[in-house]
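# Give me coordinates for this.
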Amino acid sequence: MTPPDPSLSPRRAARAEAERLATAALEVTPPVEPVTRRRLRAESDVPTARPGVGIRALLAAPGGTLVVRRRRAGVLAAAVLVVVAGAVAIGAAASAGGSGEVAQPAAVDTVAAFQGPPAVPAEGLPVPQFAAVPATPTPCDDPAFTAALASGDDAAAISAVGGGSAFRAAVASGIAPCVSLSDPNREWVVVNKQRPLDPLDYRAGDLVMPQNVRALEESALRSAPASALTELVRAASDAGAGEIGYLSAFRSYSTQQSTYAGRVDVGGVEEADRESARAGYSEHQTGLAVDIVPCDGSCGTLDDIASSPQGAWVRDHAWEYGFITRYAEGRESVSGYLPEAWHQRYIGRELARAYHEGGYTTLEEFFGLPAAPTY
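Numbering: from 1, shown residues only. Okay, the predicted model is just below:
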C-alpha cells in the first residue's frame, strides 16, 4: 500500500486513496462475457449453489465454473462497497480536519439522546439571587407609639398610629401585639364572658364624679369618661333632647357580687347571666361604663331611655363624645347580653368614631375577637 502524498491536502489525500482502492478492486474483476441466447440455454442447465456445497463440487458439476464465478463476483462487489464507504468516511474525516473540527460518528448523537442531559459543570448550576425585602413596619416599631403606650396616654397612642380606624385595623389584624385588649387600665379593654378582668377584683383608679350631671346614686367614673359625660349631657340639653342623668357607673367587685346575686334570686342563674355580669366580668368595674336614664323634673328608669327623646339623641350622637351602646339590639349571640340601651361604654373619641363609621355593633367584632355568648 502506497502512503498518500503528504504534500496533498487531507481531503485530496483521502480521495486519492479511495480511488486507488476502487481501481485495484476493478482490476481483479474477471471480464464479463456477453449475454447470448446460447449462453442463456447453457446456464439453464447449471446447478444452483446451495449452502454446504463446496467449490470443488460446483466445479465438477456441469456449468459449475460459471457458478463459482458468480459467487466470487458477489463477494468482490461487497468488498467494493466496503472500500467505497471507507473512502467516503475518510473524506469526511479529512474535510473536518481541514476545517479544524473533529468529525463524530453519526451513532454518537443517537447514544447521547439516550444518555439524557449533559453532566452538571464543575462550577455547578447558577444560584438565583433574591433581593432582601424589608419587613413591613408595625405600630410596635414606632417609638412615638410605644412611648405613648408606656406613659399610659391612650389618646396619644391612637394618634401616633394615625387615628381610630388605623388603630383598630392594626389590632384586629394582629400586627400590633404590643397592644393588650385585656389591660383594664386601657380605654380599649374588652371585658365579656370569655374575657374576665385581670385581676378579677380589679378596681379602677382616678375615679371622679361627673360635673353638672344628675346622679341617682353616688357612683363615679374614671376621669376621661366623666368629663366626656358632662359634655354629652350638656349637648343633649342644648339640642332640646332633654336632661340626661345616670343611675350607676363604677361598681367594685363586692358591689357587683351583690348586684348579680340579686338577679339570681329573682330569675335564676340562666336569666341573671343574660342581664347582669358576674363579679370580675363586669365593665362597671373598669370605671368606663355608665347606665343613663331620662330626666324631666324627675328621672325615669333604665327601661325608659330607649323610647325617650334623650335615648334617640344618644343613639345618634353619643359616639361624638367617645361612647357606644355596648349591648345592642339583636347582638346577644355575640355580646352575651340582652339589649341595654342605657349601658354606655366609653372607648374614647377616636375609637368611637371608627366604631360608628364602620357600622359596628359589638366590641368583639370591632377588634376581631370571637363571640362570647356564655361563660
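# those strands in the protein, which residues are they?
207-208, 221-222, 243-248, 289-296, 298-299, 323-327, 340-346 (DSSP state E).
# Skipping adjacent residues, who's closest to His317 in space?
Ala235 (6.9 Å; Cβ to Cβ, 6 or more residues apart in numbering). Bear in mind the C-beta positions are built from the backbone N, C-alpha and C, glycine included.
# For the protein, which residues score under the pLDDT cut-off?
Along the chain, the model assigns pLDDT under 70 to residues 1-14, 16, 18-19, 21-125, 132-135.
# how about the nearest residue to Ala157 once chain neighbours are set aside, what does it touch?
Spatial nearest neighbour of Ala157, excluding adjacent residues (Cβ to Cβ, 6+ apart): Ala148 at 3.8 Å. Contact partners of Ala148, counting by Cβ atoms under 8 Å, 6 or more residues apart in numbering, are 154, 156-157, 159-160.
# let's go with 10 Å and repeat that
Each residue near Ala148 by Cβ atoms under 10 Å, 6 or more residues apart in numbering is listed here: 142, 154-161.
# Name the nearest residue to Arg353, ignoring sequence neighbours.
Nearest non-adjacent residue to Arg353, counting by Cβ to Cβ, 6+ apart: Gly164, 5.4 Å away.
# same deal with Pro309?
Counting by Cβ to Cβ, 6+ apart, the nearest residue to Pro309 once its immediate chain neighbours are dropped is Ala241, at 4.9 Å.
# How many neighbouring residues does Leu200 have?
Leu200 is flanked by 12 other residues according to other Cβ atoms under 10 Å.
# my read: the residue nearest to His317 touches Phe323, true?
No: contact criterion Cβ atoms under 10 Å: Ala235 and Phe323 do not qualify, at 11.6 Å.
# Please say which of those two ends up with more neighbours.
Phe323 (27 against 16).
# The more buried one and Pro225 touch, don't they?
Yes: counting by Cβ under 10 Å, Pro225 is a contact partner of Phe323 at 7.7 Å.
# okay, and the common contacts of these two?
By Cβ under 10 Å, 6+ apart, the residues touching both Phe323 and Pro225 are 232, 288-290, 344-348.
# Show me which of the residues you listed is closest to Gly205.
Here the nearest of those to Gly205, counting by Cβ to Cβ, is Leu288; it sits at 11.9 Å.
# can you pull the contacts of the closest one?
By Cβ under 10 Å, 6+ apart, the residues touching Leu288 are 184, 186-189, 191, 204, 221-222, 224-225, 249-250, 322-323, 326, 344-348.
# what does Pro370 give?
The contact partners of Pro370, by Cβ under 10 Å, 6+ apart, come to 192, 194-195, 334, 364.
# Select, from the residues you listed, the two members most distant in space.
Arg195 and Val334 (12.8 Å).
# more crowded one of the two?
Val334 (20 against 17).
# Leaving out chain neighbours, which residue sits closest to that one?
The shortest distance from Val334 to any non-neighbouring residue, by Cβ to Cβ, 6+ apart, is to Ala371 (4.3 Å).
# residues touching the one you found, list them.
Shown in contact with Ala371 (Cβ under 10 Å, 6+ apart): 192-194, 331-336, 362, 364-365.
# Serialize those residues to a markdown table and add fields for distance to Thr138.
As requested, these are arranged in a markdown table below (distance: Cβ to Cβ, whole Å):
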| residue | distance to Thr138 |
| --- | --- |
| Asn192 | 26 |
| Lys193 | 30 |
| Gln194 | 26 |
| Arg331 | 31 |
| Glu332 | 35 |
| Ser333 | 32 |
| Val334 | 28 |
| Ser335 | 29 |
| Gly336 | 31 |
| Thr362 | 25 |
| Glu364 | 23 |
| Glu365 | 22 |
